[in-house]
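>>> Here is a sequence together with a model predicted from it:
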Amino acid sequence: MARRERVVRMSVEQPLWSALTAYRILTTLYAVLLSVFGRDKYDRPWVAAAFLVVLVVWTLATLPKVSNATACTKRFLGADLTIALTGILLTPLADFEAQQMDGPTLPSIWTAGSVLAFAIKGGWRWAAFASSFVAVANIVERGHPSRDTFHNVLLVWVASIAIGYVIEVARASERTLARALEIEAATRERERLARDIHDSVLQVLAMVQRRGTALGGEAAELGRMAGEQEVALRTLVSSGLVPTTRVSEDAAEGAVVRSVEVDDELSEPADRDLRALLAPHAGSRVSFAEPGAPVLLPAAAATELAAAVSAALDNVRVHAGENAQAWILVEDWPDEVIVTVRDDGPGIPDGRLAQAEGEGRMGVALSIRGRLRDLGGTAELISVPGQGTEVELKVPKVPRGKAGSAR
């Protein structure tokens, strides 16, 4: 049985929508206070009061519209920009001196929030579109614009385009991250399945081939067919054609969503005693040395480490001979667990591992090193021709876990 685990990562642009919401509230309050303290200078205070009432009601009523990219529609952006432009053009009607002395407009810096909404929603092109309308409205409102007017207009135009461009880069990076997560998850899952196949199906096919050849007759033909299937399956495994996990991107929210198949037995939260998993290997030809106290590891880590030890012992039986003697030593250190598997076989000739990996025989690469790498540990193989082989497996006490454990 396998369960499906979903991990959702918040979009990088979501904090910008939250910041924009706060900005609109604060700048609305600022525009109201600015008008209250400067009410004596208005030629037509009722114009300023009417616009500010509309501005306050609009800002509070549309707070959900600037909470995320989905809610912020083109219709809302158009209406929001219209209110900002209307406030700018109404300023001379309410305060004639504001036009002559470069005073603040009725919406004041609230207008920048409308432009920023365009930038966050659509990138730099949308920002340039909105800020151009604001620039024209400011120039028309001034009548005879001064150098400060052009300076402020250019500042808003450049800043909004820059913010829009940064947001587009962030979105592109997020898509790249989603693709990288997909490749990583698929690769780890392929390796996990390849290890499982190696430890079960390939071992059985290899055994059938050896026994069939030894028995001869019809059994030899069965052994030959099993050998052919073993070669074909090894080729398939080594080619990586094992589709599994999936990472998708929620386009509406820009959120990275990762779905991963995880074996139930590898998702057990409780710790397990590694000694209990390795003890069944002990026998007349396998000596097992263990600490007196339990060697506790997370269930997934203990299971994978035990499987790596089993793979190492399989290699001893296959390559060192059925009469070879093997030793398992477990060491429990404060920050890591070390398991050493040693045998008295003929050893591994130089270059043999690389040759085997090239032939698609991935026992050491996947069943041992791959497992340890997924756990955040290491696997070191030391072999001297004629003096046996030693495999040292190190696993940290807080391993990274399997590919399905996403954080």
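Yep, it's here.
>>> Excluding chain neighbours, what is closest to I338?
Spatial nearest neighbour of I338, excluding adjacent residues (C-beta to C-beta, 6 or more residues apart in numbering): E331 at 4.3 Å. Any C-beta I mention is one placed from the backbone N, CA and C, and that applies to glycine too.
>>> Backbone dihedrals for the one you found, both of them.
Per-residue torsions, E331: phi -120, psi 130 (degrees, to the nearest 10).
>>> and it, how many neighbours?
By the other C-beta atoms under 10 Å criterion, the neighbourhood of E331 contains 15 residues.
>>> Starting from E290, give me the distance back to it.
Distance, E331 to E290, by C-beta to C-beta, to the nearest Å: 9 Å.
>>> circling back: the residue nearest to I338: what's it in contact with?
P291, V337, I338, V339, T340 (C-beta atoms under 8 Å, 6 or more residues apart in numbering).
>>> Do you know the pLDDT at the closest residue to the last one other than its chain neighbours?
Right, the one you point to is T340. The shortest distance from T340 to any non-neighbouring residue, by C-beta to C-beta, 6+ apart, is to L329 (4.4 Å). Here, the pLDDT recorded for L329 equals 93.
>>> do you know how far L329 is from E290?
Distance, L329 to E290, by C-beta to C-beta: 8 Å.
>>> With neighbour numbers in mind, choose between the two.
Neighbours were counted for L329 and for E290 using other C-beta under 10 Å; E290 has more, 20 against 15.
>>> Let me know whether that one touches A276 as I believe.
No: E290 lies out of contact with A276 (C-beta atoms under 8 Å); the separation is 9.8 Å.
>>> So the residue of the chain positioned farthest from its centre, which state does it fall into?
The outermost residue of the chain relative to its centre, with distances by C-alpha atoms, centre = their mean, is D43 at 58.6 Å. Classification of D43 using DSSP: H, G, I helix; E, B strand; the rest coil returns coil.
>>> do P104 as well
Applying three-state DSSP: P104 is coil.
>>> which residues touch stretch 69-80?
13, 17, 58, 62, 64-66, 114, 117-118, 120-121, 126, 130, 252-254.
>>> give me that answer again for 10 Å
Applying C-beta atoms under 10 Å, 6 or more residues apart in numbering, the contact partners of stretch 69-80 are 11, 13-14, 16-17, 20, 24, 58-59, 62-66, 110-111, 113-115, 117-118, 120-122, 126, 129-130, 171, 250-254.
>>> Give the buried subset of those residues as a PyMOL selection command.
Filtering the contacts of stretch 69-80 down to the buried ones (16 or more other C-beta atoms under 10 Å) takes a single PyMOL command:
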select buried, resi 11+13+16+17+20+24+59+62+65+66+110+111+113+114+115+117+118+120+121+122+126+129+130+171+253+254
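>>> The contacts of stretch 69-80 in helices, which ones?
Among those, the ones falling in helices (DSSP state H) are 14, 16-17, 20, 24, 58-59, 110-111, 113-115, 117-118, 120-122, 126, 129-130, 171.
>>> what ranges do the helices span in this structure?
14-37, 45-61, 74-94, 96-100, 110-122, 124-142, 147-197, 203-215, 218-239, 274-278, 299-315, 352-358, 371-374.
>>> Make a markdown table from the ones you listed and add distance to P385 and mean pLDDT to it.
Output for the helices of the chain, formatted as a markdown table (distance: least, C-beta to C-beta, whole Å; pLDDT from 0 to 100):
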| stretch | distance to P385 | mean pLDDT |
| --- | --- | --- |
| helix 14-37 | 60 | 89 |
| helix 45-61 | 80 | 91 |
| helix 74-94 | 73 | 90 |
| helix 96-100 | 92 | 56 |
| helix 110-122 | 66 | 89 |
| helix 124-142 | 65 | 86 |
| helix 147-197 | 27 | 76 |
| helix 203-215 | 23 | 71 |
| helix 218-239 | 25 | 65 |
| helix 274-278 | 28 | 90 |
| helix 299-315 | 16 | 88 |
| helix 352-358 | 10 | 54 |
| helix 371-374 | 24 | 85 |
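>>> So V398 versus L116, what's the distance?
43 Å.
>>> Compare the two (neighbour count), which wins?
L116 (25 against 12).
>>> Name all residues that make contact with the closest residue to V54 other than its chain neighbours.
In space, and not counting its chain neighbours, V54 is closest to I83: 7.0 Å by C-beta to C-beta, 6+ apart. Neighbour list for I83: F51, V54, L55, W58, T59, T62, P107, W110, T111, S114 [criterion: C-beta under 10 Å, 6+ apart].
>>> Greatest separation within the residues you listed: which pair is it?
Across those, the longest distance by C-beta to C-beta is 16.0 Å; it joins F51 and T62.
>>> among the helices of the chain, which is nearest R285?
R285 lies closest, by C-beta to C-beta, to one member of the helices of the chain: helix 299-315, at 9.8 Å.
>>> got the angle for the closest one vs helix 147-197?
For helix 299-315 against helix 147-197, the angle by axes from the mean of the first three to the mean of the last three C-alpha atoms, to 10 degrees is 50 degrees.
>>> Return the set of buried residues in helix 299-315.
Neighbour counts over helix 299-315 (16+ other C-beta under 10 Å) mark 300-315 as buried.
>>> again, but for stretch 20-27
L20, T21, Y23, R24, I25, T27.
>>> what sits against the nearest residue to the second one once chain neighbours are set aside?
Taking C-beta to C-beta, 6+ apart, and ignoring the residues beside it in sequence, T21 has V66 as its nearest neighbour in space, at 5.2 Å. Contact partners of V66, counting by C-beta under 10 Å, 6+ apart, are 16-24, 59, 72, 76-77, 80, 113-114, 116-117, 120-121.
>>> Thought S131 was touching W157, still the case?
Yes: at 4.4 Å, W157 counts as touching S131 under the criterion of C-beta atoms under 10 Å.
>>> With neighbour numbers in mind, choose between those two.
Neighbour comparison, W157 and S131: the larger count goes to S131, with 28 against 18 (by other C-beta under 10 Å).
>>> That one contacts A117, correct?
No: counting by C-beta under 10 Å, S131 sits too far from A117 to count as a contact (11.6 Å).
>>> what do those two both touch?
L81.
>>> overlap in contacts of W157 and S131?
V115.
>>> how many neighbours does I183 have?
I183 has 12 nearby residues by other C-beta under 10 Å.
>>> What of A293?
9.
>>> any idea how far the residue nearest to V54 is from I161?
Look at I83 and I161: by C-beta to C-beta, they are 22 Å apart.
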